[in-house]
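> build me a structure from this.
(one chain, ligands or ions: 1)
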Amino acid sequence: MTAKIIDGKEIAQSVRNELRLEVDQLKQDGITPGLAVILVGDNQASKTYVANKQKACEEIGMYSVLIDYPETLSQEVLVAKIKELNEDEAIHGILVQLPLPAHIDETAIIEAISPEKDVDGFHPINIGRMMTGQDAFLPCTPYGVMVMLEHINCEIEGKHVVVVGRSNIVGKPAGQLFLNKNATVTYCHSRTKDLKAITNQADILVVAVGKRDMITSSHVKEGAIVIDVGMNRNEQGKLCGDVSFDEVKEKASYITPVPKGVGPMTITMLLKNTVKSAKKAALTGVK
Ligand code: NDP
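Purely as a prediction, here's the structure:
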């Protein structure tokens, strides 16, 4: 079997096209969805991520503002800025680019963001809402994975989903979203014994580890759907995932490539969450 490729770039584009129409409608109603992005320090990768997020906002007609602070910023000033943005009616989403400098407590910063503007879906209130199946801002990467699967009309109920990786931003919430859709979920992590025995049971295998080629065809059941969240660089500096794409695609039924897989979905879901927040503001009459 040769897998069908799930084209994240194309799916992301179609979601963004829908969002653009929603933004146009909101603007006609007097609301421009607004995202505030806070960047602290000089981390080059963070700067690139932030620039990409802002560009994506502009492309669909959203307002975005970058608040750029030096590495030496105090936690108090950052919290005060977040509180100001929490009250700012032009801002519907607040994103603090992680990682933060070591002297700033990330947990305290995430918790300072109003859950109603936490478009990254990292606030414990949103995580709790997600876990209990309530309406919530879902964390962008796992949310993007679910939208990709929806796009290929994948039936999730009753499937055995194996998630490799249990970080708070990807692995854990990914498993929870599948559980909410009535899948049977198994988590694997660095202390898992006999990884292969477990991944081979997966109807849907989600890999979010950050190690190139850690999933080979011997880890994958014939006909499985394989979602590769990993983002690594090979010796030539080329972007690649956690899955040995060329061999696994001969065994899987569907597979996401890297690049042009999960990556483009992540920013798209950030836009979607911000538009959702603006729509809620529209309903409550806040502009
Ligand atoms: P973390 O480093 O926070 O988590 C990695 C997870 O992998 C941990 O749970 C760890 O286990 C587990 N792990 C490590 N080694 C093994 C192993 N040998 N076998 C099984 N599990 C193992 O990473 P993130 O979740 O933040 O990111 C994962 C990958 O996804 C990275 O490559 C990152 O760049 C990428 N990413 C991609 C995004 C996208 O938009 N495409 C967005 C976010 C991340 P333990 O908990 O026991 O330590």
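> tell me which helix or strand Lys221 sits in.
Per DSSP states H and E, Lys221 falls between elements, in no helix or strand.
> quick one: residues contacting Ile38.
Counting by Cβ atoms under 8 Å, 6 or more residues apart in numbering, Ile38 touches Ile67, Tyr69, Leu78, Lys81, Ile82, Ile94, Leu95, Val96, Gln97. To be clear about C-beta, it is placed using only N, CA and C from the backbone, and glycine gets the same treatment.
> ranking these by neighbours, who comes first?
Ile94 (26 neighbours; other Cβ atoms under 10 Å).
> residues near the closest residue in space to Ile104 that isn't next to it in sequence, how many?
Excluding its sequence neighbours, the residue lying closest to Ile104 (Cβ to Cβ, 6 or more residues apart in numbering) is Gln75, at 4.9 Å. Using other Cβ under 10 Å, the number of residues around Gln75 comes to 15.
> residue contacts, Gln75?
Gln75 makes contact with His103, Ile104, Asp105, Ala108, Ile109, according to Cβ under 8 Å, 6+ apart.
> quick one: the fourth one and the ligand, what's the gap?
Okay, so that is Ala108. In this view, Ala108 and the ligand are 19 Å apart by Cβ to the nearest ligand atom, to the nearest Å.
> check the third one too.
With the distance defined as Cβ to the nearest ligand atom, Asp105 ends up 18 Å from the ligand.
> circling back: could you flag which of the contacts of Gln75 are buried?
Ile104, Ile109 (16 or more other Cβ atoms under 10 Å).
> any figure for the gap between the nearest residue to Asp88 once chain neighbours are set aside and the ligand?
Distances taken as Cβ to Cβ, 6+ apart put Ala36 closest to Asp88, at 7.5 Å, once the chain neighbours are dropped. Between Ala36 and the ligand the computed distance is 20 Å (Cβ to the nearest ligand atom).
> kindly report the same for Glu250.
23 Å.
> isn't that residue up against Glu222?
No. Using Cβ atoms under 8 Å, Glu250 makes no contact with Glu222, being 9.8 Å away.
> overlap in contacts, these two.
In contact with both Glu250 and Glu222: Met1, using Cβ under 8 Å, 6+ apart.
> Serialize the contacts of Gln75 to a markdown table and add fields for pLDDT.
Output for the contacts of Gln75, formatted as a markdown table (pLDDT from 0 to 100):
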| residue | pLDDT |
| --- | --- |
| His103 | 98 |
| Ile104 | 98 |
| Asp105 | 98 |
| Ala108 | 98 |
| Ile109 | 98 |
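> just to revisit the earlier point, quick check: phi and psi at the residue nearest to Ile104.
Here is the backbone geometry of Gln75 (degrees, to the nearest 10): phi -60, psi -40.
> what's the answer for Leu205, then?
Backbone torsions of Leu205, given as degrees, to the nearest 10, read phi -110, psi 120.
> renumber starting at 4 from here on
Yes, from this point I'll number from 4; that puts the last item at Leu208.
> who's in contact with it?
The contact partners of Leu208, by Cβ under 8 Å, 6+ apart, come to Val164, Val165, Val167, Thr202, Ile218, His222, Val223, Ala227, Ile228, Val229, Ile230.
> the host helix or strand of the first one: how far from the chain's middle?
This means Val164. Take DSSP H and E as the rule and Val164 turns out to sit in strand 163-167. Distance, stretch centre to chain centre, for strand 163-167: 17 Å (Cα atoms, centre = their mean, to the nearest Å).
> just checking it against the ligand, any contact.
Yes. Strand 163-167 is in contact with the ligand by Cβ under 6 Å from any ligand atom, via Val167.
> next: stretch 8-21.
No. Stretch 8-21 lies out of reach of the ligand by Cβ under 6 Å from any ligand atom, never closer than 8.5 Å.
> tell me the domain ranges of the protein?
As given by automatic domain parsing, the domain ranges for the chain are 32-117, 143-266.
> would you mind finding the most buried of those?
Using mean count of other Cβ atoms under 10 Å, the stretch among those with the largest mean neighbour count is domain 143-266, at a mean of 19.
> restricting to C-alpha, output stretch 277-288 in PDB.
Taking C-alpha atoms only, stretch 277-288 is exported to PDB below (Å, rounded to 0.1, in the frame of the first residue of the first chain):
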ATOM      1  CA  THR A 277      -8.800  34.500  17.400                       C
ATOM      2  CA  VAL A 278     -11.700  34.800  15.000                       C
ATOM      3  CA  LYS A 279     -13.800  32.700  17.300                       C
ATOM      4  CA  SER A 280     -12.900  35.100  20.200                       C
ATOM      5  CA  ALA A 281     -13.900  38.100  18.100                       C
ATOM      6  CA  LYS A 282     -17.200  36.400  17.200                       C
ATOM      7  CA  LYS A 283     -17.900  35.900  20.900                       C
ATOM      8  CA  ALA A 284     -17.100  39.600  21.500                       C
ATOM      9  CA  ALA A 285     -19.500  40.500  18.700                       C
ATOM     10  CA  LEU A 286     -22.200  38.500  20.400                       C
ATOM     11  CA  THR A 287     -21.600  40.200  23.800                       C
ATOM     12  CA  GLY A 288     -21.500  43.600  22.100                       C
END
